[in-house]
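# Sequence below, structure please.
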Amino acid sequence: GQRLASLEGALVQVIAEYRPDAMAVERPFARRDVSTIVGTLQATGVILLAGTRAGLQVAQHTPTEVKAAISGNGRADKAQVGQMVMRILKLDAPPRPADAADALALAICHLWRAPAIDRIRQAQLRRELAAGVARSRALAAERRRA
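Got it, this is the predicted structure:
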């Protein structure tokens, strides 16, 4: 609990200081031993909650989506991701440590995918609104008949 509270406090400070417009988080996954991912899932939940409470649009992308967006290959290794981040951002060298390159790749992936994600959200909202209007009309018609 203390570790998660510390994470949340640090993230709230970072959000307040940098005032981002959105947040992208790598969606956790487990291939074999699910018990090893429990801590990661807990931390991810805290991160998603902090971003949502701050009013940010929070998106999750799988590692495969990020790698495919950056390199065209969903199975790219860390070196390939680092090289592509270096090329895309016109850096002199790949970001170090490799986790920094992964974070930048996630941000780039989100920037590229955000317009499509937003269009999907807007379509879902329009569908929900239309369904609500249809329900309201059906209720009104039912009341008139009664």
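
# what's the weakest-modelled helix or strand in this structure?
For the chain, the helix or strand with the lowest mean confidence is helix 98-145, at a mean of 89 (criterion: mean pLDDT, DSSP states H and E).

# Just give me how far that helix sits from the chain centre.
Between the mean C-alpha point of helix 98-145 and the mean C-alpha point of its chain there is a distance of 14 Å (Cα atoms, centre = their mean, to the nearest Å).

# any idea which helix or strand carries residue 59?
Here residue 59, judged by DSSP states H and E, is contained in strand 57-61.

# orientation of that strand relative to helix 98-145 in degrees?
Calculated by axes from the mean of the first three to the mean of the last three Cα atoms, to 10 degrees, strand 57-61 forms an angle of 120 degrees with helix 98-145.

# Can you show me the CA trace of strand 57-61 as PDB?
Output of strand 57-61 as PDB, limited to C-alpha atoms (Å, rounded to 0.1, in the frame of the first residue of the first chain):
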ATOM      1  CA  GLN A  57      -7.700  11.400 -21.500                       C
ATOM      2  CA  VAL A  58      -5.900   8.100 -20.500                       C
ATOM      3  CA  ALA A  59      -5.200   5.600 -23.200                       C
ATOM      4  CA  GLN A  60      -3.600   2.200 -23.000                       C
ATOM      5  CA  HIS A  61      -1.500   0.600 -25.800                       C
END
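
# export the very next helix or strand once past that strand as CSV, just CAs?
Under the assignment DSSP H and E, the closest C-terminal helix or strand after strand 57-61 is helix 63-71. The C-alpha coordinates for helix 63-71 follow below in CSV (Å, rounded to 0.1, in the frame of the first residue of the first chain):
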residue,chain,number,x,y,z
PRO,A,63,3.6,-3.4,-26.3
THR,A,64,2.8,-5.0,-29.7
GLU,A,65,0.9,-1.9,-30.8
VAL,A,66,3.7,0.4,-29.8
LYS,A,67,6.3,-1.7,-31.6
ALA,A,68,4.2,-1.9,-34.7
ALA,A,69,3.5,1.8,-34.7
ILE,A,70,7.2,2.7,-34.3
SER,A,71,8.9,0.1,-36.4
